[in-house]
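In: The sequence and its predicted three-dimensional model are supplied below.
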Amino acid sequence: MAKPDPARRAALGLIVGVFDDHLSLADQIAMDALDGLSPGEKARAQRLATSTLRHMERADKMLKPFLKRKPTPDIMALLRLATVELCAEGGADHGVVDAAVTLCKSGGRRTDSFAGLVNAVLRKVAEDKARWETLPYGQLPGWLRGRLMSAYGKVSVQKMEEAHQRPAPVDISVKENPADWAERLEGEVLPTGSVRLHQPGQIRDLPGFAEGDWWVQDAAASLAAKALAPTAGMRVLDLCAAPGGKTLQLAAMGAQVTALDLSERRLARLHENLERCKLTAEVIAADALDWTPEAPFDAILLDAPCSATGTIRRHPELPAIKDSASIKGLFALQEEILERAMGWLTPEGLLTYVTCSLLPEEGETQIRRALERHPEWEVIRPTLEGIDPEWITEEGGLRLRPDYWADKGGMDGFYVATLKRRAE
Ligand SMILES: C[S@@+](CC[C@H](N)C(=O)[O-])C[C@H]1O[C@@H](n2cnc3c(N)ncnc32)[C@H](O)[C@@H]1O
């Protein structure tokens with residue numbers, strides 16, 4: 001019997017893990033889901049799984065006319081994977097159909113009796129590929145769509161959903177000379193100073209990676225540290241810091257950084273990043289709800305744990321593994337950490353609050369409520385290079401959305417606001 005392709009088999013395992021165990025791809029990978037694969041196979045497995053999850057609704061519409069009834073979840077996942085390979089990934093018809101049948105036969109009694117069905121359905125999909133482009137893209141699930149509709153209106157939500165169909169480009173933050181790095185790495189300097197790579201390939205093999213001259217960080221994510229803009233020598237707490245994209249930025253700006261996070265596993269990556277980029281920070285593994293600093297800080301960047309709904313382009317499984325109930329607890333956690341952090345600053349201290357969420361409850365509302373609790377504080381309106389004034393919100397924060405910069409490839413969804421005590 002032919003052997004199944006390891007990358008496709010692993011991709012299938014990741015997709016099943018999302019629906020059966022409600023685990024993100026990142027969590028499954030951290031739990032060794034791709035162990036034993038070569039770096040190339042790992043990258044392919046991840047790409048196939050991500051693309052399948054991104055285009056799942058379209059794949060289901062493509063498959064519907066050819067299925068009398070919905071098959072078992074394992075077989076449905078296999079059909080979705082192969083359909084996306086055929087229709088969105090440019091896979092060769094015969095190769096994809098044969099690989100799917102082989103995978104099916106290798107799955108033991110749970111799947112091998114479906115090999116005939118898989119073969120017949122996928123042949124029909126291959127013949128009907130032209131229909132793919134006519135199918136509407138997927139909508140966000142009701143629990144999220146309703147909230148976003150109330151916040152931004154239907155047209156904006158549709159634009160965000162359209163943006164979610166495209167993979168996120170790779171952006172990097174460079175220590176210095178963005179224009180030189182853009183030329184060397186065949187990218188473009190974005191209006192806010194990040195460099196967007198057009199043909200990134202294997203990131204680790206690119207010039208400057210091993211030397212730590214730059215790190216991967218979405219352009220929107222980089223705006224929080226830019227908004228805080230610490231001067232050299234300032235004592236800055238990077239609160240909820242791992243894996244350290246913002247720690248690197250703050251340290252590269254010359255700040256004396258303390259990076260705190262709850263997760264030892266994520267902090268290991270922060271240590272690796274600091275070492276590679278030859279930057280330093282004091283690293284503390286602690287719960288922000290228990291920890292108290294010995295002395296106040298000049299500035300704090302709080303990247304609060306959140307629903308991560310601004311990163312659906314990168315993590316298309318997110319709407320499937322979260323729901324209203326699973327994110328509700330985060331709102332109270334964000335408020336509690338923000339409240340504590342506001343007490344850890346010098347009188348002139350600055351606090352930048354950031355979340356990679358599209359939900360106002362995790363952004364605008366948190367800041368409005370903090371100002372109601374502390375009328376002696378105010379928001380400093382952002383004056384960052386390259387931002388559109390329309391992104392500035394009523395309370396003076398910065399609302400970033402995946403449908404912004406559509407002509408350049410979009411950006412992650414973020415909220416950023418910088419607070420300080422009012423002058424007496
Ligand atoms: C959005 S991520 C941080 C990303 C990071 N700032 C960066 O730029 O790379 C949020 C982080 O909050 C951490 N976290 C969650 N609850 C926490 C708590 N109670 N105390 C400290 N860190 C916490 C998580 O471990 C996670 O690393």
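Out: Sure, I can see it. Residues are numbered from 1 along each chain as shown.
In: so how far is Asp238 from the nearest residue to Pro296 once chain neighbours are set aside?
Out: Distances taken as C-beta to C-beta, 6 or more residues apart in numbering place Thr346 nearest to Pro296, at 4.7 Å, with adjacent residues excluded. Any C-beta I mention is one placed from the backbone N, CA and C, and that applies to glycine too. Taking C-beta to C-beta, to the nearest Å as the measure, Thr346 falls 17 Å from Asp238.
In: So if I had to pick from these two, which one is more boxed in?
Out: A count of neighbours by other C-beta atoms under 10 Å puts Asp238 above the other of Thr346 and Asp238, at 33 against 13.
In: A helix includes the more buried one, no?
Out: No: assigned with DSSP: H, G, I helix; E, B strand; the rest coil, Asp238 falls outside any helix and is strand.
In: Dig out what it forms beta bridges with.
Out: Ala259, Leu301 (DSSP bridges).
In: hang on, it packs against Leu267?
Out: No: Asp238 lies out of contact with Leu267 (C-beta atoms under 8 Å); the separation is 11.5 Å.
In: Return every residue with contacts to both of these two.
Out: Ala259 (C-beta atoms under 8 Å, 6 or more residues apart in numbering).
In: Next up, the contacts around the residue nearest to Pro296.
Out: By C-beta under 8 Å, 6+ apart, the neighbours of Thr346 are 296-298.
In: can we see that at 10 Å?
Out: Neighbour list for Thr346: 235, 295-299, 421 [criterion: C-beta atoms under 10 Å, 6 or more residues apart in numbering].
In: Specify the local secondary structure of it.
Out: Thr346 - assigned by three-state DSSP - is strand.
In: separation between the closest residue to Ala151 other than its chain neighbours and the ligand?
Out: Counting by C-beta to C-beta, 6+ apart, Ala151 lies nearest to Pro360, which is 5.0 Å off, once chain neighbours are set aside. According to C-beta to the nearest ligand atom, to the nearest Å, Pro360 stands 17 Å off from the ligand.
In: shouldn't Pro360 be in contact with Cys306?
Out: No: Pro360 is beyond contact range of Cys306, at 11.8 Å (criterion: C-beta atoms under 10 Å).
In: OK, contacts around the closest residue to Pro207 other than its chain neighbours?
Out: Spatially, and ignoring its direct neighbours in sequence, Pro207 is nearest to Arg184 (6.0 Å; C-beta to C-beta, 6+ apart). Contacts for Arg184 (C-beta under 10 Å, 6+ apart) come out as 177, 195, 206-208, 213.
In: filter those to the buried ones?
Out: 195, 206, 208, 213 (16 or more other C-beta atoms under 10 Å).
In: pLDDT at the spatially most central residue of the chain, what is it?
Out: For the chain, the residue nearest the mean C-alpha position is Thr311 (3.4 Å; C-alpha atoms, centre = their mean). Looking at Thr311, its pLDDT is 97.
In: Any figure for the gap between it and Val18?
Out: In terms of C-beta to C-beta, Thr311 sits 15 Å off from Val18.
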